[in-house]
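Engineer: No sequence on hand, only this structure:
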């Protein structure tokens, strides 16, 4: 399995911004759907958004739409999650993941990066 590495998490005050990065080998990204998920303590894992690596199109969850955006850098084989206007409710471990377009389940997962938003 290809390994995904998420980074960029940290502690920020409410209203602030963070940019998370997901790195993987080119073979992981090529043709795949890349996703961002998050899991807060005691809560279910939540879909944040997804990116078609081939098309560059994105799908953002309603809960973060207008505040979070997903992008990619083809030269660096990285996917990004730009998070603006952060709220304490955004506190969670954020994961990047990948799946084949023909699958519904994400099969490759990164180790997660902690985001903590203080009020």
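Structural biologist: That came in fine, so what should we check first? Keep in mind it's a predicted model, so treat the numbers as computed, not measured.

Engineer: list the contacts for residue 34?
Structural biologist: 22, 50-51, 53, 72, 79, 96-98 (Cβ atoms under 8 Å, 6 or more residues apart in numbering). The way it works is simple: take the backbone N, C-alpha and C, and place the C-beta from them, glycine included.

Engineer: tell me the centre residue of the chain?
Structural biologist: Centroid-nearest residue in the chain: residue 36, 2.8 Å away (criterion: Cα atoms, centre = their mean).

Engineer: OK, contacts around the nearest residue in space to that residue that is not next to it in sequence?
Structural biologist: Leaving out its chain neighbours, the residue that sits closest to residue 36 by Cβ to Cβ, 6 or more residues apart in numbering is residue 48, at 4.1 Å. Residue 48 sits next to 35-38, 60-61, 64, 68, 81, 94 when contact means Cβ under 8 Å, 6+ apart.

Engineer: Surely the residue nearest to the centre of the chain is in contact with residue 94?
Structural biologist: Yes - counting by Cβ atoms under 8 Å, residue 94 is a contact partner of residue 36 at 6.4 Å.

Engineer: Now list whatever residues contact both of these two.
Structural biologist: Common neighbours of residue 36 and residue 94, using Cβ under 8 Å, 6+ apart, are 20, 48, 81.

Engineer: The last one pairs with what?
Structural biologist: Which is residue 81. Beta bridges link residue 81 to residue 20, residue 70, judged by DSSP bridges.

Engineer: Tell me how many other residues crowd it.
Structural biologist: The burial count assigned to residue 81 is 26, neighbours taken as other Cβ atoms under 10 Å.
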